[in-house]
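1. Here is my input; please provide its structure:
(one chain, ligands or ions: 2)
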Amino acid sequence: MQLYHVKPRREPIEAVIRVPGSKSMSNRAFLLAALSPEPVTLYHLLESQDTIYMARALSQVGVFIDWDTKTEVALVKGGRRPTGKNHFFVGNAGTAMRFLVSYLALGEGEFVIDGDERMRERPIEDLLVALRELGVSVASENGNGCPPVRVEAKGVEGGQCHLPGEKSSQYLSSLLMAAPLFFRETEIRVEGELASKPYADMTIAMMAHFGVKVRQDGYEKFFIEPAVYHSPGKYLIEADASSASYFLAMGAILGGEVRLEGIGSESLQGDSRFAYVLQQMGCEVEYQPQAVVLRSEGKLKGIDVDLNAMPDLVPTLAVVALFAEGKTRIHNVANLRIKECDRLSALATEFQRIGAQVEEGSDYLVVSGGGNYHGAQLRTYQDHRMAMAFSLIGLKVEGIVVENPACVSKSFPHYFEYFEKIVEARQRLILPS
Ligand SMILES: O=C(O)C1=C[C@@H](OP(=O)(O)O)[C@@H](O)[C@H](O)C1
Ligand SMILES: C=C(OP(=O)(O)O)C(=O)O
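-> Ligands and ions are numbered 1, 2, ... in the order given. Below is the predicted model of the structure:
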């Protein structure tokens, strides 16, 4: 197995960083461009496993994608309904799996969408039930409510559907983006509290950029009329705020100044607000329209925080909490158990290996900070966020070894190159240089 031995760093850091494009925005942009009758050019696209799976699946049903990964630009020509008989594989890309199901239902044909072993354990039945209410013939092939999903597509009638909201916002995003192409007006009634709300906001904002409006009554009811998407011509993807969280965390833990470029107060990503969470822990934070600056003296205090709106940042924050005085309680994050791995259990298990005190509840984690930690080899569970978060522990704790670092390729293939440059920098660093 591949191992990554983390080199600790004692000095503060000073860095200006622009991370690659947002995974969530890239996969939405691919889909919305595929649904638009006119061509769209997408800029600052992320090239990673999840976005490659998405682009490949769309290409399989005839969407033309000319993607120059060097310049991060793609020309997309879609506008036709998917047809034929096709099998798709999307690894463990939640966005690709969920978004494609409703998209394929718009077409005419027989489609099976499958993923890797873990994807076959991640629930999708709530979305399938809602689609059946809208007139779609769709089922979990193994009958367990998880992929593979079979869609017998002949267009979508529309009308009213009910969607439990607590497991994932991706089901709602999937329905919303496809809904303008349903035959009738559609009303989606969300039951229970919608998880990860900023991702639904991002979907609605991006649909608006592609010319379609969604009417909503809070996060309980969403109304979409039949409409045609319009290409914005060019569309710029923001830098990925979830990927950037590791560098903010580095600044918070080690002290110094980190400036993120391409993510600021105007960002569509909920995770762009992460610096405010670190501010509560004692960092100084400044938001500009297109940038975030974080300054830290490396002295942090524990907090009590509801991270439902930023689920992907729980591992990052849990690691920061190890180095804060007092306890940090991260709550309302039950759906972390159905992500790339059971993240609450994985964090608790691996933190215990370094001698940390941690309490795991059904929907929360309490990390007691400021302990005397020791080196250990940490499992990453094929989960990119575990690998990136655990690398941060090694900045302060001698002897941290991260297993299977290559799993970062799901969302940030070059993470460890960025990480090493920052660890080794002797002066103010600009990345990419
Ligand atoms: O819509 C999206 O782009 C995402 C939504 C979130 O998932 P849930 O809505 O399942 O929490 C997030 O964890 C995932 O990485 C990306
Ligand atoms: C949960 C994640 O991804 P997804 O659900 O899109 O697979 C993630 O990137 O942390």
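2. L31: which element?
-> Using DSSP states H and E, L31 sits in helix 23-35.
3. give me the element S245 is part of.
-> helix 241-254.
4. count of neighbours near the residue lying closest to D240 once chain neighbours are set aside?
-> Sequence neighbours aside, S22 is the residue nearest to D240 in space, at 4.2 Å (criterion: C-beta to C-beta, 6 or more residues apart in numbering). To be clear about C-beta, it is placed using only N, CA and C from the backbone, and glycine gets the same treatment. Counted with other C-beta atoms under 10 Å, the neighbours of S22 add up to 31.
5. how close does S22 sit to K410?
-> Distance from S22 to K410, counting by C-beta to C-beta, to the nearest Å: 14 Å.
6. Please apply the same query to G262.
-> Applying C-beta to C-beta to G262 and K410 gives a distance of 20 Å.
7. Contact residues of the stretch 251-400 of the chain facing ligand 1?
-> By C-beta under 6 Å from any ligand atom, the part of the stretch 251-400 of the chain that sits against ligand 1 consists of 311-312, 335.
8. Dump those residues to JSON lines, plus pLDDT and neighbour count.
-> JSON lines is the format used below for those (pLDDT from 0 to 100; neighbours: other C-beta atoms under 10 Å):
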{"residue": "P311", "pLDDT": "98", "neighbour count": "25"}
{"residue": "D312", "pLDDT": "98", "neighbour count": "26"}
{"residue": "N335", "pLDDT": "98", "neighbour count": "19"}
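9. between those, which is closest to A195?
-> Of all those, A195 sits closest to N335, with 5.2 Å by C-beta to C-beta.
10. Which stretches in the stretch 201-350 of the chain count as strands?
-> For the stretch 201-350 of the chain, strands defined by DSSP state E, counting those that start in this stretch occupy the ranges 215-217, 221-224, 234-236, 256-261, 284-288, 291-296, 300-301, 304-306, 324-325, 327-331.
11. Which among these is found nearest to T71?
-> Of all the strands of the stretch 201-350 of the chain, strand 234-236 sits nearest to T71, with 12.9 Å by C-beta to C-beta.
12. any idea where the helices of the protein begin and end?
-> Using DSSP state H, the helices of the chain run over residues 23-35, 49-60, 94-105, 125-133, 170-178, 197-209, 241-254, 274-280, 314-322, 343-353, 384-393, 415-424.
13. What residues sit buried inside the second one?
-> Across helix 49-60, burial judged by 16 or more other C-beta atoms under 10 Å covers 49-55, 57-58.
14. before we move on, back to that, go back to the residues of the stretch 251-400 of the chain next to ligand 1 and keep what's next to ligand 2.
-> Within these, those near ligand 2 by C-beta under 6 Å from any ligand atom are D312.
15. Which residues of the stretch 201-350 of the chain lie near ligand 2?
-> Residues of the stretch 201-350 of the chain found near ligand 2 (C-beta under 6 Å from any ligand atom) are 312, 339-340.
16. Just give me the closest of the residues you listed to H384.
-> Of all these, H384 sits closest to E340, with 6.8 Å by C-beta to C-beta.
17. any idea how far the residue nearest to P20 when sequence neighbours are not counted lies from G115?
-> With sequence-adjacent residues excluded and distances taken as C-beta to C-beta, 6+ apart, P20 is closest to L46, at 5.1 Å. With the distance defined as C-beta to C-beta, L46 ends up 19 Å from G115.
18. Now render the helices of the chain as CSV, adding mean pLDDT and distance to F88.
-> Below are these laid out as CSV (pLDDT from 0 to 100; distance: least, C-beta to C-beta, whole Å):
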stretch, mean pLDDT, distance to F88
helix 23-35, 98, 13
helix 49-60, 98, 4
helix 94-105, 98, 7
helix 125-133, 98, 16
helix 170-178, 99, 14
helix 197-209, 98, 21
helix 241-254, 98, 24
helix 274-280, 98, 32
helix 314-322, 99, 28
helix 343-353, 98, 26
helix 384-393, 98, 21
helix 415-424, 97, 27
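19. Format these as TSV; extra columns: distance to V156.
-> Conversion of the helices of the chain to TSV gives the following (distance: least, C-beta to C-beta, whole Å):
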stretch	distance to V156
helix 23-35	13
helix 49-60	18
helix 94-105	5
helix 125-133	7
helix 170-178	7
helix 197-209	16
helix 241-254	31
helix 274-280	36
helix 314-322	34
helix 343-353	33
helix 384-393	33
helix 415-424	38
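20. so where do the strands sit in the stretch 51-200 of the chain?
-> 64-68, 73-77, 83-89, 108-114, 137-140, 149-154, 159-164, 186-191.
21. Y415 is nearest to which of these?
-> Once the strands of the stretch 51-200 of the chain are compared by C-beta to C-beta, strand 64-68 is nearest, at 20.9 Å.
22. How is this structure divided into domains?
-> Domain assignment for the chain by automatic domain parsing gives 3-20+239-431, 23-236.
23. Check whether the last one comes into contact with ligand 1.
-> What it means is domain 23-236. Yes - applying C-beta under 6 Å from any ligand atom, one finds domain 23-236 touching ligand 1 at 24, 94-95, 168-170, 173, 195-196, 199.
24. Return the member of those nearest to L248.
-> S24 (17.8 Å).
25. tally of neighbours for that closest one?
-> Neighbour count for S24, taken as other C-beta under 10 Å: 31.
26. what sits against it?
-> Neighbouring residues of S24 by C-beta atoms under 8 Å, 6 or more residues apart in numbering: 95, 199, 202, 240, 242, 269.
27. ok, now L163?
-> 126-127, 130, 171-172, 175, 188-191.
28. how close does it sit to P413?
-> Using C-beta to C-beta, L163 is found at 33 Å from P413.
29. what's the burial count for F412?
-> The number of residues packed near F412 is 25, by other C-beta under 10 Å.
30. give me the residue from the protein nearest ligand 2.
-> Per C-beta to the nearest ligand atom, G94 is where the chain lies closest to ligand 2, at 2.5 Å.
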